[in-house]
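[1] Predicted model follows, preceded by the sequence.
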Amino acid sequence: MSSDRQAAEDPGTTPPPPRGGAFLLAQLGAHAAGRFGERVGELGLAPPDVGLLRMIATEPGRSQRSLAADLGVVPSRVVALIDNLERRGFVERRRSVEDRRHHELYVSEGGRRALEGVREVAAAHEDDLFAALDAEDRARLTDLLGRVAEQQGLTPGVHPGYRGLPKRPGRG
């Protein structure tokens, strides 16, 4: 019997922990995302809300369709998310002066206040997450991760988790 097979059959033998950068990125990514979700949850927001508010604030007047394209999702997913933000007073839809059939998106005053709180939470989150690193290490790590994300074809500033969101909140 091979030693690999014996280890699999022997319940007293534990496999070695996963190793390598890819596993560590996944482990830290899941941890960081969970902690960030908890932190912005204290502000009454979910991470997808934060991302959309940031994207609208960065480009005021953009359309829901452009958001959907940047996120890589169908427009109906964005409509449901924006409906929620509008109901809560964080986003305003305004008729486009160029094409009255379309709406432009703007962050409201309430949305701006929410984003200020998010900035504070995000800074504390990053400081906590990278407490083991000095400023030079943090800058180097950020640069390296940015290069990997670019090489993988990830859209800067867009979390790939949007693609997995349900079309309407509360429905799968």
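    Received the coordinates, thanks.

[2] Tell me where the chain has strands.
    91-95, 103-107 (DSSP state E).

[3] okay if I get those strands as JSON lines plus mean neighbour count and distance to H125?
    To be clear about C-beta, it is placed using only N, CA and C from the backbone, and glycine gets the same treatment. Shown next, in JSON lines, are the strands of the chain (neighbours: other C-beta atoms under 10 Å; distance: least, C-beta to C-beta, whole Å):
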{"stretch": "strand 91-95", "mean neighbour count": "16", "distance to H125": "23"}
{"stretch": "strand 103-107", "mean neighbour count": "20", "distance to H125": "21"}
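
[4] just the helices in this structure please.
    3-9, 21-41, 47-58, 64-71, 75-87, 109-129, 135-151 (DSSP state H).

[5] comparing these, which gets the lowest mean pLDDT score?
    When these are compared by mean pLDDT, helix 3-9 comes last with a mean of 55.

[6] OK, contacts around G153?
    Shown in contact with G153 (C-beta atoms under 8 Å, 6 or more residues apart in numbering): no residues.

[7] Could you check how far E150 is from V121?
    E150 sits 26 Å away from V121, going by C-beta to C-beta, to the nearest Å.

[8] what do you get for G44?
    Counting by C-beta to C-beta - G44 and V121 are separated by 12 Å.

[9] who has more neighbours, these two?
    Just comparing G44 and V121: by other C-beta atoms under 10 Å the higher neighbour count belongs to V121, 19 against 11.

[10] Give the burial count for the nearest residue to that one once chain neighbours are set aside, as a bare number.
    For V121, ignoring the flanking residues on the chain, the nearest one in space by C-beta to C-beta, 6 or more residues apart in numbering is R39 at 4.7 Å. Neighbour count for R39, taken as other C-beta under 10 Å: 19.

[11] same check, this time on L145
    So L145, with other C-beta under 10 Å, has 11 neighbours.

[12] try the one 5 residues further on
    Residues lying near E150 (other C-beta under 10 Å) number 10.

[13] Please determine how far it is located from E59.
    Counting by C-beta to C-beta, the gap from E150 to E59 is 21 Å.

[14] contact partners of stretch 126-136?
    L28, A32, R35, D137, R138, L141.

[15] Go through those and say which is closest to P160.
    Ranked by distance to P160 (C-beta to C-beta), the contacts of stretch 126-136 are led by A32 at 14.1 Å.

[16] Buried residues of stretch 75-82, list them for me.
    R77, V78, V79, A80, L81, I82 (16 or more other C-beta atoms under 10 Å).

[17] and stretch 50-68, how far from the chain's centre?
    Remark: stretch 50-68 is offset 14 Å from the chain centroid, using C-alpha atoms, centre = their mean, to the nearest Å.
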